[in-house]
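Enquirer: With the sequence up front, the predicted model follows.
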Amino acid sequence: MTARTGQTPRLLRQTPATALLFLTSATLSLTLSFIPNSNHPDILSSFGWGEQSLLWQGELWRLLVNNILHINIFHFLFNAYWLLHFGPAVERILGRRFYLTGLLFSAWMIASLSQLSWEAGGIGLSGLIYFLFAVLWRLRSSEPLARKLCDPATCNLLWIWLILIGPGLTLTGLVKVGNLVHFTGLICGLMTAEVFRHRAKLFQPLWAAGLALPTVALILASAVYLQQPFLNADWHYWAAYNSDSPSAQIEHYRAALEIDPENQRVRYNLALSYYQQGNIKQAEALWLACPPDRQVSQALFALYASQGDTDGMTRWASRLQLQARLN
């Protein structure tokens, strides 16, 4: 490995995009790795990490930062080795502009799919490492440098990690590996290599437009949904909670309850919104389906007492007694 990577410093001088990617990741990751409690969300977000509530506020640039952050120095060093091993060669083969375009597209897709899956909030360069590996692996028949770097030992290691070791570690619960991130990076790399191989044809005006339009549409659609994921109950709850409009609150709470009918937090707040609008019957029906709450029971008991409604008083006095027994 020493002999092969001895060319890295020379290649790195010729490949500033890779150098910038490495230096940015190194600066953020090494600084973060020496900060106590670096995995705390507030600390991570101050370094550019993106999680759902921040993306919902429109800070989508954080998705790209997720690709280069590490909180563990060994995780960073492992990924940095592969970045410096593959990155300069890919940049040299593809050319700087094509390389940057493929890298940014892949970074966006990797972070977007991660955020929309069970791997939300994941960080690290490994998705981009598989992007770089896939480009070289696909071009190894026509590019001597790609063939040199994708020797059998390297290929076997990365394929085995992708297919067996990573999923195995995740399934056994030993380590949470970003398997979807790795596969997404791999697919983006294969696509980038195919476009590069057929660039003479695909870069003609009609072909270029046919390729660019769906790509841009995919990025825009994912950006809109990441900021406003209408199929996500938590997003509807967040939108309702931060809204000053009672009607908007009710609309979002109802949408959240349709998605997650067992969400008692949503049901309670929807009842509260109805109560504030004066729709007591709707609020009462929802609150009766929630666990007993002393403040709610006292408020409705007092309301029915002021109206002289003995049935209502009895109903909410019973709820008070039920809560007392549960406590």
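Expert: Yep, that arrived.

Enquirer: Please count neighbours and contacts with C-alpha atoms only from this point.
Expert: Fine.

Enquirer: How is the chain divided into domains?
Expert: Dividing the chain into domains by automatic domain parsing, as the record does, gives the ranges 2-227, 233-326.

Enquirer: JSON lines please, covering the ones you listed and showing mean neighbour count and mean pLDDT.
Expert: Formatted as JSON lines, these follow (neighbours: other Cα atoms under 10 Å; pLDDT from 0 to 100):
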{"stretch": "domain 2-227", "mean neighbour count": "18", "mean pLDDT": "92"}
{"stretch": "domain 233-326", "mean neighbour count": "17", "mean pLDDT": "88"}
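
Enquirer: For the most centrally placed residue in the chain, which non-adjacent residue is spatially closest?
Expert: Nearest to the geometric centre of the chain sits residue 115, at 1.9 Å (Cα atoms, centre = their mean). Distances taken as Cα to Cα, 6 or more residues apart in numbering put residue 121 closest to residue 115, at 6.1 Å, once the chain neighbours are dropped.

Enquirer: Who are the contact partners of residue 178?
Expert: Residues near residue 178 by Cα atoms under 8 Å, 6 or more residues apart in numbering: 119, 122, 127, 166.

Enquirer: How much space separates it from residue 170?
Expert: Using Cα to Cα, to the nearest Å, we find residue 178 at a distance of 9 Å from residue 170.

Enquirer: Then residue 25?
Expert: Distance, residue 25 to residue 170, by Cα to Cα: 25 Å.

Enquirer: do the same with residue 177
Expert: Going from residue 177 to residue 170 by Cα to Cα gives 6 Å.

Enquirer: do the same with residue 272
Expert: From residue 272 across to residue 170, the span is 41 Å (Cα to Cα).

Enquirer: Which parts of the stretch 101-250 of the chain are helices?
Expert: Here the stretch 101-250 of the chain has its helices, by DSSP state H, counting those that start in this stretch, at 126-139, 144-149, 152-160, 166-172, 179-197, 199-202, 205-227, 233-241, 246-259.

Enquirer: now the ones you listed as a markdown table including distance to residue 320?
Expert: Shown next, in a markdown table, are the helices of the stretch 101-250 of the chain (distance: least, Cα to Cα, whole Å):
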| stretch | distance to residue 320 |
| --- | --- |
| helix 126-139 | 54 |
| helix 144-149 | 72 |
| helix 152-160 | 60 |
| helix 166-172 | 46 |
| helix 179-197 | 49 |
| helix 199-202 | 71 |
| helix 205-227 | 41 |
| helix 233-241 | 27 |
| helix 246-259 | 26 |
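
Enquirer: contacting residues around the residue nearest to the centre of the chain?
Expert: 51-52, 121-122.

Enquirer: Now do the contacts for residue 24.
Expert: residue 68.

Enquirer: heads up, I number from 320, so please use that
Expert: New numbering, starting at 320: the last item is residue 343.

Enquirer: Phi, psi for it please.
Expert: Here is the backbone geometry of residue 343 (degrees, to the nearest 10): phi -70, psi -50.

Enquirer: isn't residue 413 right up against residue 515?
Expert: Yes. Between residue 413 and residue 515 there is a contact at 7.2 Å, judged by Cα atoms under 8 Å.

Enquirer: Tell me how far residue 463 lies from residue 457.
Expert: Relative to residue 457, residue 463 is positioned 12 Å away (Cα to Cα).

Enquirer: before we move on, what about residue 415?
Expert: Counting by Cα to Cα, the gap between residue 415 and residue 457 amounts to 19 Å.
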